[in-house]
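1. here are the coordinates; sequence isn't available:
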């Protein structure tokens, strides 16, 4: 349990979300009739990854709103970790992780019951997206915080000054755009190398390159999933290497400049990110006019065919060891049903009768990318990932590969670790 593994999850179809985003009128939140107010009382603790929303008072506002609905609640204590997975894991293992927590990809489906409380009583399958994303034996153990599509978030003013037109349909067009932007003295493509975790985008790009949601599962049967030049993973990491080698990324790669990077995009010091739509409100919060921030699919090859991955974020869960589960469940439902967390975070809401409010999603959809839906990975994949100590979706192994003096040999070493783990798991 001390190793972090990648676990992709089932995704709803974009057409359904697009219909909600573009054609439905707002509706009221789901009623709280299943919550008995007399049982919602006392204090709870929520552990989150959103340090920014703790710092700017958003969660304090949520606490006040929640206490107005449930006046017997004394306190909602919110604790944030900048590196959430490293912060929460030891607390989970000690059975001392508060009440409301967020899911970890290293917890396999067989382990859900060891850490999480079933949540079938909160929603029906038709109420929310990704209902079965964290399910086992007909029990639902977590509910998606929010949902996003991955793509290029960009500063329109910088693009205009560099005479770059959108969308960028090929990798060559992406490189050409970076060259133009570099020529006017701007950072073309901020990858947040020093922050580490944003490098997870290059764990997602293989799905776009392959155009196949099974790209990860197929690694269990490939001889050289990382070092084969035709593999989706090789091509993804090679794109990142090219961006760095050509001087298209931030120069100071070792420093964690995550917060500074948002300001750089907002003010036009940098041109673009490859992230989910959740980052857009954070950039606007740094002073960028909303109309100056655009959003388009990320190209994965030179075919000219745009593709995009859609996925959910962390899942909300209730700790199995919570001593105030009713209040924790009520707070979870408040966040999903009534708070403005989806707007603040730039998410497509999980509750189906709530409409995405982010205008940049409309631009993204207008480019009509083919949406690649991820399917849940097998226990074999998760176990091989754990045993190989390749920290998918955390960025550490990507840092190691890109800082290695020999890129090709670093990938070959990944293949060796992967094969050794496969031999142990699949024997």
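-> Nice, thanks for sending it over. Since the structure is predicted, the reported quantities are computational estimates derived from the model, not experimental observations.
2. distance of residue 412 relative to residue 202?
-> For residue 412, the distance to residue 202 equals 18 Å [CB to CB, to the nearest Å]. Placement of C-beta: from N, CA and C, glycine included.
3. give me the more crowded residue out of the two.
-> Using other CB atoms under 10 Å, the more surrounded residue of residue 412 and residue 202 is residue 202, with 22 against 13.
4. low-confidence ranges, the chain, go.
-> Within the chain, the stretches with pLDDT under 70 are 1-34, 373-376.
5. list the contacts of the most centrally placed residue in it.
-> Relative to the mean C-alpha position of the chain, the nearest C-alpha, by CA atoms, centre = their mean, is the one of residue 313, at 4.6 Å. Contacts here follow CB atoms under 8 Å, 6 or more residues apart in numbering; on that basis residue 313 touches 144-148, 276, 278, 345, 347.
6. now, which of the residues you listed sits nearest residue 417?
-> Closest to residue 417 out of the contacts of residue 313 is residue 276 (28.4 Å), distances taken as CB to CB.
7. need the helices for the stretch 151-300 of the chain, in chain order.
-> Counting by DSSP state H, counting those that start in this stretch, the stretch 151-300 of the chain has helices at residues 156-161, 171-183, 201-210, 232-245, 258-267, 279-284.
8. buried set for the second one?
-> When you say that, I think you mean helix 171-183. Neighbour counts over helix 171-183 (16 or more other CB atoms under 10 Å) mark 171, 173-175, 177-178, 180-182 as buried.
9. compute the inter-axis angle for it and helix 232-245.
-> Interaxial angle of helix 171-183 relative to helix 232-245 (axes from the mean of the first three to the mean of the last three CA atoms, to 10 degrees): 20 degrees.
10. how far off centre is helix 171-183?
-> 26 Å (CA atoms, centre = their mean, to the nearest Å).
11. same question for the first one.
-> Relative to the centre of its chain, helix 156-161 is centred 27 Å away, using CA atoms, centre = their mean.
12. show me what that helix is packed up against.
-> helix 171-183, strand 270-276, strand 293-296 (3 or more CB pairs under 8 Å, 6 or more residues apart in numbering; DSSP states H and E).
13. show residues contacting it.
-> Contacts for helix 156-161 (CB under 8 Å, 6+ apart): 165-166, 177, 181, 184, 186, 268, 270-271, 291-294.
14. hmm, 10 Å instead?
-> 155, 164-166, 168, 177, 180-181, 184-188, 265, 267-272, 288-289, 291-294 (CB atoms under 10 Å, 6 or more residues apart in numbering).
15. same check on the fifth one?
-> Outside of helix 258-267, the residues that reach it under the criterion CB under 10 Å, 6+ apart are 51-52, 55, 82, 153-155, 157-158, 186-187, 190-192, 194-198, 250, 252, 257, 269-273, 275, 279-280, 282-289, 292-293.
16. in that helix, what counts as buried?
-> Buried, per 16+ other CB under 10 Å, within helix 258-267: 258, 260-266.
17. between the helix ranked longest in the chain and helix 232-245, how many degrees?
-> Secondary structure of the chain per DSSP state H: the longest helix is helix 407-425. Relative orientation of helix 407-425 and helix 232-245, computed by the same axes, to 10 degrees: 150 degrees.
18. against which helices or strands is helix 407-425 packed?
-> helix 232-245, helix 379-388, helix 396-403 (3 or more CB pairs under 10 Å, 6 or more residues apart in numbering; DSSP states H and E).
19. could you dump these into JSON lines and include mean neighbour count and distance to residue 300?
-> What follows is these, written out as JSON lines (neighbours: other CB atoms under 10 Å; distance: least, CB to CB, whole Å):
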{"stretch": "helix 232-245", "mean neighbour count": "20", "distance to residue 300": "8"}
{"stretch": "helix 379-388", "mean neighbour count": "20", "distance to residue 300": "21"}
{"stretch": "helix 396-403", "mean neighbour count": "18", "distance to residue 300": "17"}
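20. pull out the buried residues from the longest helix of the chain.
-> Here helix 407-425 shows 407, 410-411, 413-415, 417-419, 421-422, 425 as buried, counting by 16+ other CB under 10 Å.
21. next: stretch 50-65.
-> Neighbour counts over stretch 50-65 (16+ other CB under 10 Å) mark 50-53, 58-59, 62-63 as buried.
22. ok, so of the residues you listed, who is nearest residue 233?
-> Ranked by distance to residue 233 (CB to CB), the buried residues of stretch 50-65 are led by residue 50 at 29.7 Å.
23. how about the closest one, nearest residue that isn't a chain neighbour?
-> residue 80 (5.9 Å; CB to CB, 6 or more residues apart in numbering).
24. list the beta-bridge partners for that neighbour.
-> residue 48 (DSSP bridges).
25. and the buried residues of helix 258-267, which two are furthest apart?
-> For those, the maximum inter-member distance is 13.4 Å, found between 258 and 266 (CB to CB).
26. can you tell me the closest non-neighbouring residue to residue 88?
-> By the measure of CB to CB, 6+ apart, the closest residue to residue 88 outside its immediate chain neighbours is residue 47, 5.4 Å from it.
27. again, but for residue 143
-> residue 316 (5.2 Å).
28. what bridges to that neighbour?
-> residue 102, residue 143.
29. so what's it up against?
-> Residue 316 neighbours (CB under 10 Å, 6+ apart): 46, 48, 100-103, 116, 119, 122, 134, 142-146, 328-329, 331-333, 335-336, 350.
30. buried subset of these?
-> For these, a burial check counting by 16+ other CB under 10 Å picks out 46, 48, 100-103, 116, 119, 122, 134, 142-146, 328-329, 331-333, 335-336, 350.
31. how far away is residue 62 from residue 363?
-> The gap separating residue 62 from residue 363 is 29 Å, by CB to CB.
32. repeat that for residue 222.
-> Applying CB to CB, the value for residue 222 to residue 363 is 36 Å.
33. what's the answer for residue 79, then?
-> Taken as CB to CB, the span from residue 79 to residue 363 is 36 Å.
34. one more: residue 99?
-> When distance is defined by CB to CB, residue 99 is 38 Å away from residue 363.
35. between these two, tell me which one has more neighbours.
-> It is residue 99, of residue 99 and residue 363, that has more neighbours when counted by other CB under 10 Å, with 26 against 16.
36. isn't the more buried one up against residue 116?
-> No: Residue 99 lies out of contact with residue 116 (CB atoms under 10 Å); the separation is 11.7 Å.
37. shared neighbours, the two?
-> 317-319, 322.
38. just those residues: which are in helices?
-> Using DSSP H, none of the shared contacts of residue 99 and residue 116 sit in helices.
39. what's the nearest residue to residue 292 if we skip its chain neighbours?
-> Nearest to residue 292 is residue 156, by CB to CB, 6+ apart, at 5.1 Å.
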